[in-house]
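A.B. asks: structure of the sequence below:
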Amino acid sequence: MLYVSNPHALTAPPISRYDIIAALDTAQAKGREYAKKRFGDAAVAKWTNRDFIIADSTVGLRESLGIRSADAAGAAEVRAFMSRLHRLGDAASTVPEANTFVAGPPVKPIFRPVRLFEELPDYQLPVWTDTVRVDYLDYQGQVQWGRGGDTSTPVSDYTVASEFWGTPEIVWTSTNLHYVQELRAQSPNYAVSPSAEKANAAMVALDQALESALVSTPSGVGFRSIANTPMLRARSALVYGTSSVEDCLTDFTRFLQRIGELSLGIFQPDTAVLTQRIVNRLSAPVTTSGAYPFNPGEQLRQRLAEAGIRQVIIAPSLQDAGGSNVDRCLLIQSGPGGLKRYTALDPVVVRTSVIGLNTQTIMAALPAGLYASYRASSFAYDIPVTAAG
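C.D. replies: Model prediction:
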């Protein structure tokens, strides 16, 4: 903790080391003289210089308060006064002066961490991109066996299904810094930089908006998100946290194996994107009827490894993505054929202008949604879960 003196507060005049030594020497001499008159030379023969200084301080306090030595009430008042001084002296090193500003570190708000936007592969588009075209290819062909004649020739070819997405959408926000606030921020008593904190707030807001747009397409926007991009989809019939952990692990294992079965082993995801609630419900401690402890968390790790999952991403943004207390889980491939996000412009400062006494800074990004080269290479699984309790 740093204590910064208020520049407008009253300050004590500087005292040199020589002045302090001279004052202590005078107090010692006066205290020695008083002690000899009061108690005699023999009684004060073993007194230290510290004792003489204390004696002089006590006499000075009594004189300033108008208290007689024989006055019991006055003696009690002196003790109370000295006790207050003692407490103030002990606290002096930890308590700031009355006229100070306390410039402690500012307490920043807590935001939900961004995961999908950071972890999904990013495919950069030219910033001038007007329309995104997506082509889905399928192969078909004919073959012929044996030594047939020239009357027919087998032909193989491809078919294409094209989609045209809307223009990459701009998402933007701004910060305003008033001239007076900018001036005051130069004071040594200011604990934060307004311009830096405003910029941080804008970037956090943009990051959260981009993360949310990957989960669900914003209203009025044409690009795809997890909610509507072509992929395999299913919903669990169990409620993780209410159904038995063994049944939930069996259900989750079938989910991990499903892409491989449906694609005849052509597609094998290597990344699982989960919410913390799904992990917690599948890792709840269990004791069997025979009082034997069962570790579901170890079983979960084993099932993920057996399914070829090399990376697990905890994505808080998928919590409640399928409805209230329905978390969405994803299986994706990390290679070029897997799910990736399109971006024409990452969050950046695009313009700063002065309007009146305000400095306005605009920050923007141009996302273009999600895309997977193969529609069957990703799997979204909605899992009902119990709320945290």
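
A.B. asks: which parts of this protein are helices?
C.D. replies: Secondary structure of the chain (DSSP state H): helices at 17-39, 49-65, 72-91, 116-119, 179-184, 194-215, 245-262, 276-282, 296-306.

A.B. asks: of all these, which lies closest to residue 313?
C.D. replies: helix 116-119 (5.0 Å; Cβ to Cβ). Just so you know, the C-beta spots here come from the backbone N, C-alpha and C atoms, and that holds for glycine as well.

A.B. asks: identify the residues contacting the closest one?
C.D. replies: 207, 210-211, 214-215, 273, 313, 315, 317-318, 341 (Cβ atoms under 8 Å, 6 or more residues apart in numbering).

A.B. asks: in that helix, what counts as buried?
C.D. replies: Neighbour counts over helix 116-119 (16 or more other Cβ atoms under 10 Å) mark 116-117, 119 as buried.

A.B. asks: columns distance to residue 266 and pLDDT on top of these, output as TSV?
C.D. replies: Shown next, in TSV, are the buried residues of helix 116-119 (distance: Cβ to Cβ, whole Å; pLDDT from 0 to 100):
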residue	distance to residue 266	pLDDT
116	25	88
117	29	89
119	24	87
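
A.B. asks: need the contact list for the residue lying closest to residue 357 once chain neighbours are set aside.
C.D. replies: In space, and not counting its chain neighbours, residue 357 is closest to residue 179: 4.1 Å by Cβ to Cβ, 6 or more residues apart in numbering. By Cβ under 8 Å, 6+ apart, the residues touching residue 179 are 357-359.

A.B. asks: do you know how far residue 179 is from residue 168?
C.D. replies: 36 Å (Cβ to Cβ, to the nearest Å).

A.B. asks: pLDDT weak spots in the stretch 101-250 of the chain?
C.D. replies: 101-106, 108-112, 148-150 (pLDDT under 70).

A.B. asks: so which of the contacts of helix 116-119 is the closest to residue 194?
C.D. replies: Nearest member of those to residue 194, counting by Cβ to Cβ, is residue 207, at 20.4 Å.

A.B. asks: how many other residues sit next to that closest one?
C.D. replies: Per other Cβ atoms under 10 Å, the neighbour tally for residue 207 reads 17.

A.B. asks: ok, it - contacts?
C.D. replies: Contacts of residue 207 (Cβ under 8 Å, 6+ apart): 114, 117, 347.

A.B. asks: so can I have JSON lines of the residues you listed showing distance to residue 189?
C.D. replies: JSON lines is the format used below for the contacts of residue 207 (distance: Cβ to Cβ, whole Å):
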{"residue": "114", "distance to residue 189": "34"}
{"residue": "117", "distance to residue 189": "38"}
{"residue": "347", "distance to residue 189": "32"}
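
A.B. asks: tell me the domain ranges of this protein?
C.D. replies: 3-102, 168-384 (automatic domain parsing).

A.B. asks: buried residues, stretch 119-139. List them.
C.D. replies: 119-120, 129, 132, 134.

A.B. asks: nope, stretch 338-349 is what I was after
C.D. replies: Across stretch 338-349, burial judged by 16+ other Cβ under 10 Å covers 338-345, 347.

A.B. asks: surely residue 262 is in contact with residue 374?
C.D. replies: No. Residue 262 lies out of contact with residue 374 (Cβ atoms under 8 Å); the separation is 12.0 Å.

A.B. asks: and these two? Which one has more around it.
C.D. replies: The neighbour count for residue 262 versus residue 374, taken as other Cβ under 10 Å, is higher for residue 374 (17 against 13).

A.B. asks: in strands only, show me the buried residues of stretch 338-349.
C.D. replies: Cross-referencing these against strands under DSSP state E gives 340-345, 347.
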